[in-house]
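1. I would like to see how this sequence folds:
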Amino acid sequence: MRLLALGWLAGTAWLQCQAELPAPVAAGLLLCGGSMLLMGALCRRPAPGVSTWMMALAFAAAGLLAGAGWSAARAHWRLGDALPDALEGRDLQVTGIVASLPDDVGRGQRFRFDVESALDSDAPVSLPITLALGWYDGDGNDAEPRQAVRPGERWQWTVRLKQPHGLANPEGFDEEAWLLSEGVRATGYVRSSRAVRLDELVVSARDVVGRARLQLRERIEQALSSAPHAGVIVALVMGDQRGIGERDRQLFNLTGIGHLVSISGLHITMIAALVAATMRRAWRDGSWRRRPLPLLMPAQKAGAIAGLLVAVIYVALA
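-> Predicted coordinates for the structure are as follows:
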């Protein structure tokens with residue numbers, strides 16, 4: 001299996017070095033060829049005349065072909081979810097769900113939006129699945145005030161979109177590549193006069209977690225409204241770094257502690273271990289209906305379950 005994984009990695013690296021993607025048909029052939037070679041290597045026992053190195057070569061080749069084909073297919077799928085040129089700058093009626101925490105940006109908000117349906121002059125059109133939208137205080141024609149959006153709400157509004165673009169300076173931030181990695185294939189803004197909220201909250205795990213994250217952020221900001229470090233606390237608790245000022249970011253980068261304000265596996269492990277140790281101690285000393293809790297379940301298992309649950313909740317909030 002190690003050779004299979006190394007071959008997969010080599011196939012992915014080979015694809016990254018190509019100037020152009022293979023055609024979709026070629027990507028499918030690579031993936032099918034690698035899968036068939038792998039199945040043949042797994043199902044066939046080495047014959048006396050087949051040496052071990054030949055089997056190892058078969059596994060590596062299968063990983064190479066499958067890795068290159070899978071990566072090419074994924075790239076075609078992601079690039080195919082693009083905004084058509086003919087729809088840029090047009091008024092499109094879009095229905096969907098707010099899919100992220102809103103980011104306050106001066107006179108408006110920016111957020112992610114998952115599209116359910118779209119119309120262009122009452123004719124159905126196909127749009128990218130995820131949009132990055134902004135809703136500002138008037139676009140020059142609107143008399144109605146902007147409304148605040150919350151994660152999980154279903155809206156119907158008129159938007160104007162464009163394909164993602166950004167600066168491509170050497171050693172600079174590549175916004176277009178970052179949006180591609182985030183699955184955002186179009187950006188735009190909302191026409192305020194044609195916005196209608198359809199549902200306050202769509203009942204799904206993602207949207208419930210998003211609403212909980214928003215409420216937690218609002219509670220922290222309300223409690224620390226006058227504190228200069230409120231944005232840092234929000235970043236440490238729930239991974240939302242948008243409240244950190246530029247001056248603080250420069251200070252963190254200069255002192256080499258920028259990674260400490262982003263939630264990582266180390267933070268999650270520390271919190272889970274602390275909760276597990278506390279639960280283990282409490283379980284060992286506790287009782288239920290005059291029966292010691294360790295007789296119902298070992299303290300180590302109770303601590304492990306508590307730590308796992310807290311880790312899952314922390315990951316969801318972050």
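2. max-length helix in this structure?
-> Longest helix in the chain, counting residues (DSSP state H): helix 52-80.
3. Just the buried residues of it, please?
-> Within helix 52-80, the residues scored as buried using 16 or more other Cβ atoms under 10 Å are 58-73, 75. The way it works is simple: take the backbone N, C-alpha and C, and place the C-beta from them, glycine included.
4. Low-confidence ranges, this protein, go.
-> Scanning the chain for pLDDT under 70 picks out the ranges 37-38, 40-51, 138-145, 192-193.
5. Please, where are all the strands along it?
-> Taking DSSP state E to define them, one finds strands in the chain at 92-98, 103-104, 108-120, 123-124, 130-136, 154-162, 184-199, 287-288, 291-292.
6. What I need now is these written out in a markdown table, including distance to G34 and mean neighbour count for each item.
-> Formatted as a markdown table, those follow (distance: least, Cβ to Cβ, whole Å; neighbours: other Cβ atoms under 10 Å):
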| stretch | distance to G34 | mean neighbour count |
| --- | --- | --- |
| strand 92-98 | 37 | 21 |
| strand 103-104 | 42 | 12 |
| strand 108-120 | 33 | 18 |
| strand 123-124 | 38 | 8 |
| strand 130-136 | 30 | 21 |
| strand 154-162 | 37 | 19 |
| strand 184-199 | 28 | 18 |
| strand 287-288 | 55 | 10 |
| strand 291-292 | 56 | 11 |
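7. show me the contacts for V234.
-> R217, I220, E221, D240, G243 (Cβ atoms under 8 Å, 6 or more residues apart in numbering).
8. filter those to the buried ones?
-> Counted by 16+ other Cβ under 10 Å, the contacts of V234 give R217, I220, D240, G243 as buried.
9. thinking again about what came up before, with distance to R247 added, can I get the strands of the chain in TSV?
-> Output for these, formatted as TSV (distance: least, Cβ to Cβ, whole Å):
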stretch	distance to R247
strand 92-98	30
strand 103-104	18
strand 108-120	22
strand 123-124	48
strand 130-136	25
strand 154-162	32
strand 184-199	28
strand 287-288	53
strand 291-292	55
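10. Check which residues of stretch 303-315 are buried.
-> Buried residues in stretch 303-315 (16+ other Cβ under 10 Å): G303, A306, G307, V310, A311, Y314.
11. Restricted to helices, list those.
-> Within these, residues falling in helices by DSSP H are G303, A306, G307, V310, A311, Y314.
12. from the residues you listed, which is closest to L4?
-> Checking these against L4 with Cβ to Cβ, the nearest one is A311 at 30.1 Å.
13. how deep is the residue lying closest to that closest one once chain neighbours are set aside tucked in, by neighbour count?
-> Nearest residue to A311 in three dimensions, chain neighbours excluded: A272, at 4.1 Å (Cβ to Cβ, 6 or more residues apart in numbering). Close neighbours of A272, defined as other Cβ atoms under 10 Å, add up to 22.
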